[in-house]
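Colleague: Structure for the following, please:
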Amino acid sequence: MKMQQSPGQGKNLFTGYGDGHVLINAQRHDGHLIVTPDSVSAWQVETFETLTEQHFATLLAEQPEVVLFGSGKTLRFPHPRLTAKLAEAGIGVDVMNTAAACRTFNILMAEDRRVVLALLAI
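Modeller: Purely as a prediction, here's the structure:
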């Protein structure tokens with residue numbers, strides 16, 4: 001699906017998504033990702049079932065105020081122990097399917113929020 005928005009000044013903006021990929025500023029990215037307004041990197045996760053506390057704890061380095069977790073095509077909630085370190089640090093965690101997470105990221109990023117998206121491929 002193509003999203004009709006144009007990138008903000010040097011900031012990452014989701015411009016589309018499809019099976020196994022997303023478009024960020026019209027560039028295709030495959031696989032699992034960690035996305036901030038300023039960076040895109042691979043998220044070293046194999047599957048939803050193999051997620052660990054450490055996968056989420058690494059997001060603390062970005063100093064987000066909110067973490068979005070895009071769980072793939074379907075909405076799947078990680079066990080609370082996986083995101084406990086984020087909660088302990090006062091960081092909000094919102095879980096949604098990947099398509100909704102991409103749209104929500106764009107909104108929060110446009111509001112200049114310190115948002116991080118941990119994204120499982122669709």
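
Colleague: okay, CA-based contacts and neighbour counts for the rest of this
Modeller: Noted.

Colleague: contacting residues around the longest helix belonging to the chain?
Modeller: Counting by DSSP state H, the longest helix found in the chain is helix 98-110. Helix 98-110 has contacts (Cα atoms under 8 Å, 6 or more residues apart in numbering) with 8, 13-14, 17, 37, 68-74, 95, 114-117, 119-122.

Colleague: among those residues, which ones are buried?
Modeller: 13-14, 17, 37, 68-73, 95, 115-117, 119-122 (16 or more other Cα atoms under 10 Å).

Colleague: Sort out for me which of these are in helices.
Modeller: Assignment to helices by DSSP H places none of those there.

Colleague: for stretch 25-32, which positions count as buried?
Modeller: Within stretch 25-32, the residues that count as buried by 16+ other Cα under 10 Å are Asn25, Ala26, His29, Asp30, Gly31, His32.

Colleague: Assign a three-state SS to Arg28, would you?
Modeller: strand (DSSP: H, G, I helix; E, B strand; the rest coil).

Colleague: per-residue pLDDT, it?
Modeller: Arg28 is assigned 97 on the pLDDT scale.
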